[in-house]
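Q: Build the 3D model from these lines:
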Amino acid sequence: MRITFINKSDSVGGAAVVTLRLVEALRQLGHDARLVVTDRRTDREYVALGGSEGRIRTAFLADRLPLLLSNGFRRSTLFQIDAARAGLPLWRHDWVRNADAIVLGWINQGVLSLDGIRRIGLLNKPLLWTLHDMWALTGVCHHAHDCQGYRRMCGNCQLLGGAASGNDLSAVMMERKRRLYDRVDIQFVAVSRWLAEKARESTLLGEERVAVIPNPYPVQPMPRRKGSPTGHIVMAAARLDDPIKGFPLLIEAVRALRRRNPQLTAGLHFDLIGEMRNPEAAKALEAEYTLHGMISDSARMRQLYAAADAVVSPSLFETLPGTLVEAQDCGAVPVAFDRGGQRDIIVPGKTGFIAPWNDDPRRAGENFADSLVQALELAADPATPKLLHEAVVNNFAAEKVARQYVQLIENQ
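A: Okay, the predicted model is just below:
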């Protein structure tokens, strides 16, 4: 079967990484899976640019510049919203026209316009759309946080600043998406049960078909571990001080640990993997740490995961936090707040711990500290690493995920 995926990148960002994995898993199964992108960083022959560099740049600017007008020239929120007003004519691309099925991924920032999606729908091929965030079910935002506008009709969007109104861009975009979904037959795929539930609650996707298929992860033999406890704890993110990643809450958690058990805290070492705009901010973490920066070598990442007792994700929102899966596969116990698809990864008390959320940062930090202590206790059990590894094999193996996509396409 010829299956063409469309995504912004083949390697930059979580959606890009898991999309390329899925393409390669499908190819391993004998399918002619290909990927069309606007940001090509690999040399895979089954990955192609959707147009010339000039055309890609023009589409990006045509998509971005009107957003500055619509959000009151607030650069701080410019990349938190999208309107898909401009994009490439990918319905003309050979790989799209000749495909047996088409799968959309993260298609913003000049990749596809809403009209481009409509035109792909006119090709009368099975059309799937993998939801990596909430954009397909909101007006303009990728993460609704605590806003409930997507459950009604958007408007008065807090991300639009002074341009917000009852009939602002978020309201206009929600109506445009509603018309698109009425006209085009799309099978939506949520990467977590949490995201599927958000889709069912939404005005836009409440009546649409939404399947749940997790992101794929490569299954490798269980790495050799140094033995627990090591006292090492990993936090990994593309940008550690992205406000959504919750690094200040990790700081609060360590403070709570130090107040309650200074001896335990003195034996901890945090491996911080990812960029920080202000590396000095890590000094607020009242424990030993190493700021590794970005690590692109997967073998090195597995080394660090295998040397850790726990992996933490204090994020305010995650659809399906991949670092938890990757570390769990190497035997590290995951700890996270219940703020997204974490329960698809963690069975509390068995394969990790879920910290109760609290809007008070100090209380949230205390709750996270409690869960971290429990994780360290679980890590001390010699049977734990194998149990964690088997959970990943059973739930997230790339081949298993690829077969689920094939079955979904064949049932269209």
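
Q: Ramachandran angles for I345?
A: Backbone torsions for I345, taken as degrees, to the nearest 10, come to phi -110, psi -40.

Q: Need the pLDDT of the nearest residue to it once chain neighbours are set aside.
A: Distances taken as C-beta to C-beta, 6 or more residues apart in numbering put L324 closest to I345, at 5.1 Å, once the chain neighbours are dropped. For the C-beta atoms, the positions are set from N, CA and C on the backbone; glycine is no exception. Note for L324: predicted pLDDT of 96.

Q: can you start the count at 731 instead of 1 from here on
A: Happy to do that; since the first residue is 731 now, the last one works out to L1054.

Q: L1054 contacts F1083, doesn't it?
A: No: with contact defined as C-beta atoms under 8 Å, L1054 does not count as touching F1083 (11.1 Å).

Q: Other residues contacting stretch 1070-1086?
A: 921-925, 944, 1043, 1045, 1047-1051, 1054-1055, 1058, 1063-1068, 1094, 1097-1098, 1100-1102, 1104-1105, 1108, 1117-1118, 1121, 1125 (C-beta atoms under 8 Å, 6 or more residues apart in numbering).

Q: Which residue ranges of the stretch 831-980 of the chain form helices?
A: Remark: helices assigned in the stretch 831-980 of the chain by DSSP state H, counting those that start in this stretch are 844-851, 899-913, 923-931, 977-990.

Q: Could you say which one of these comes nearest to L797?
A: Of all the helices of the stretch 831-980 of the chain, helix 899-913 sits nearest to L797, with 7.9 Å by C-beta to C-beta.

Q: residues making contact with that closest one?
A: Contacts for helix 899-913 (C-beta under 8 Å, 6+ apart): 797, 800-801, 811, 813-814, 844, 847-848, 851, 866, 868-871, 879-880, 883-887, 889-890, 893-894, 933-935, 938.

Q: Pull out the buried residues from it.
A: L899, S900, A901, V902, M903, M904, R906, K907, L910, Y911 (16 or more other C-beta atoms under 10 Å).

Q: Once you drop chain neighbours, what's closest to the fifth one?
A: Closest residue in space to M903, ignoring its immediate chain neighbours: G869 at 4.5 Å, by C-beta to C-beta, 6+ apart.

Q: Check whether that neighbour really touches N886, as I assumed.
A: No: judged on C-beta under 8 Å, G869 makes no contact with N886 at a distance of 10.3 Å.

Q: Who has more neighbours out of those two?
A: Counted by other C-beta atoms under 10 Å, G869 and N886 do not tie: G869 has more neighbours, with 30 against 14.

Q: For the more buried one, give its distance to R771.
A: Applying C-beta to C-beta, to the nearest Å, one obtains 31 Å for the distance of G869 from R771.

Q: again with P856
A: Where R771 is concerned, P856 sits at a distance of 28 Å (C-beta to C-beta).

Q: between these two, which one's more packed in?
A: Neighbour count, other C-beta under 10 Å: between P856 and R771, P856 has more, with 19 against 13.

Q: separation between the residue lying farthest from the centre of the chain and A1085?
A: No residue in the chain sits farther from the centre than Q993, which is 35.7 Å out by C-alpha atoms, centre = their mean. In this view, Q993 and A1085 are 22 Å apart by C-beta to C-beta.

Q: The residue nearest to I1075: neighbour count?
A: 29.

Q: Could you look up the SS state of it?
A: Three-state call for L1054 (DSSP: H, G, I helix; E, B strand; the rest coil): helix.

Q: ok, it - contacts?
A: V1041, S1043, P1064, A1066, Q1072, I1075, I1076, G1082.

Q: and the third one, what element?
A: Under DSSP states H and E, the secondary-structure element containing P1064 is strand 1063-1067.

Q: Give me the pLDDT for I974.
A: We note a pLDDT of 89 for I974 in this prediction.

Q: Please apply the same query to G957.
A: 66.

Q: my guess is C871 contacts L797, does it?
A: No: C871 lies out of contact with L797 (C-beta under 8 Å); the separation is 11.9 Å.
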